[in-house]
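Engineer: One predicted model, sequence on top.
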Amino acid sequence: MLSSTRELLETASRNSYAIGAFNVYNLEGVKAVVGAAEANQSPAMLQIHPSALEFGGVGLIALCLEAARAAKVPIAVHLDHSTKAEDIQVALEAGMTSVMADGSHLPYEQNLAFTKAMTELAHRKGAIVEAEIGRISGTEDGLTVAEKEAKMTDPDQAVEFVSATKVDALAVTIGNVHGEYKSEPRLDFDRLAKIRKLVHVPLVLHGASGLPAEAIDRSIQLGVCKFNVNTEVRQAYMHSLQQGICSRSLKDLVDSMGAAIAAMQAVITEKLELFGSVHKA
Ligand code: G3H
Ligand code: 13P
Ligand code: ZN
Ligand code: NA
């Protein structure tokens with residue numbers, strides 16, 4: 001069933017587990033997420049990146065909402081990393097249950113103003129907003145320690161930001177990166193603990209592909225209740241297609257779609273287990 005993002009995050013937070021939010025691009029991705037969630041009696045989130053929205057348009061939103069409504073477990077539908085008010089408007093009009101208003105590339109004051117305006121808009125539609133301060137990058141290679149720390153979420157600024165914007169969830173930057181980790185991920189748990197102590201909205205960790213089980217556990221203990229996963233699921237899809245094509249084992253397009261769904265579903269299942277959301281639906 002289609003669930004509100006607020007309900008999913010608040011229930012997870014109260015019960016010390018986290019919701020997996022998986023980026024989807026097409027029908028196979030949607031089927032993999034909903035299939036894995038149903039098979040594991042787990043709640044989950046379908047999330048659409050603006051680049052996927054540009055490609056799939058409102059049809060992709062409709063596909064996600066329809067799959068969520070038909071699902072046997074609670075599924076929320078979220079717009080990821082949106083920097084444009086127009087995209088957020090389209091998402092809210094279509095009935096998505098939450099959006100990420102991503103002003104993390106803007107100077108702090110502008111991020112605050114953008115997030116505040118988008119939060120007011122979303123609340124009028126009964127949806128919620130996730131925002132980010134600090135800046136999650138791709139790989140951190142070549143950065144000095146000072147440069148890395150400058151990009152991390154400042155706990156005191158986080159309190160002020162949440163209270164000024166009334167935002168509902170906060171994505172933190174504590175050493176997490178999008179894509180692959182080029183070396184062993186090192187998350188700043190002291191920083192996360194400080195943020196948790198001061199900020200009382202659900203915390204979100206992007207860049208969950210590549211995080212080991214211990215880092216995920218510790219993050220959940222320190223208040224993270226949503227993890228974003230994109231890269232590992234996409235890779236599973238691509239590898240499945242490449243293998244099928246190279247081995248000439250695929251007879252038809254539908255075979256390749258089925259194999260890709262199964263490959264993605266296996267990765268998603270692993271993540272749901274790590275996030276502790278299995279049997280929580
Ligand atoms: O925030 C997520 C974007 O979709 C980037 O994902 O790291 O898999 O390219 P990626
Ligand atoms: P990964 O690239 O680590 O999967 O992170 C995805 C993400 O944060 C999407 O918003
Ligand atoms: Zn992200
Ligand atoms: Na990552």
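Structural biologist: Thanks, I have the structure now. Ligands and ions are numbered 1, 2, ... in the order given.

Engineer: how about R196, what does it touch?
Structural biologist: Residues near R196 by Cβ atoms under 8 Å, 6 or more residues apart in numbering: L203, L222, G223. Bear in mind the C-beta positions are built from the backbone N, C-alpha and C, glycine included.

Engineer: Include distance to A21 and neighbour count when you put these into JSON lines, please.
Structural biologist: Listed next are the contacts of R196 as JSON lines, based on distance: Cβ to Cβ, whole Å; neighbours: other Cβ atoms under 10 Å:
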{"residue": "L203", "distance to A21": "13", "neighbour count": "27"}
{"residue": "L222", "distance to A21": "18", "neighbour count": "21"}
{"residue": "G223", "distance to A21": "16", "neighbour count": "22"}
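
Engineer: Helix, strand, or coil at the closest residue to ligand 2 within the stretch 1-150 of the chain?
Structural biologist: Ligand 2 sits closest to D80 of the stretch 1-150 of the chain, with a gap of 4.7 Å, by Cβ to the nearest ligand atom. Secondary structure for D80, judged by DSSP: H, G, I helix; E, B strand; the rest coil, is strand.

Engineer: what's the burial count for it?
Structural biologist: 23 (other Cβ atoms under 10 Å).

Engineer: Would you point out which residue of the protein is nearest ligand 3?
Structural biologist: With Cβ to the ion as the measure, H206 is the residue of the chain nearest to ligand 3, at 3.3 Å.

Engineer: which non-adjacent residue is nearest that residue?
Structural biologist: N228 (4.5 Å; Cβ to Cβ, 6 or more residues apart in numbering).

Engineer: hang on, that neighbour in a helix?
Structural biologist: No - counting by three-state DSSP, N228 is not found in a helix; it is strand.

Engineer: Spit out the contact partners of it.
Structural biologist: Listed by Cβ under 8 Å, 6+ apart, the contact set of N228 reads A21, N23, Q47, D80, V204, L205, H206, G207, A208.

Engineer: Now narrow the residues you listed to whatever sits close to ligand 1.
Structural biologist: With Cβ under 6 Å from any ligand atom as the criterion, the contacts of N228 include N23, D80 near ligand 1.

Engineer: Which ones among the contacts of N228 lie within strands?
Structural biologist: A21, N23, Q47, D80, V204, L205 (DSSP state E).

Engineer: would CSV of the residues you listed with pLDDT be doable?
Structural biologist: CSV is the format used below for the ones in strands among the contacts of N228 (pLDDT from 0 to 100):
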residue, pLDDT
A21, 99
N23, 98
Q47, 98
D80, 98
V204, 98
L205, 98
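
Engineer: Distance of the residue nearest to H206 relative to M45?
Structural biologist: Distance, N228 to M45, by Cβ to Cβ, to the nearest Å: 9 Å.
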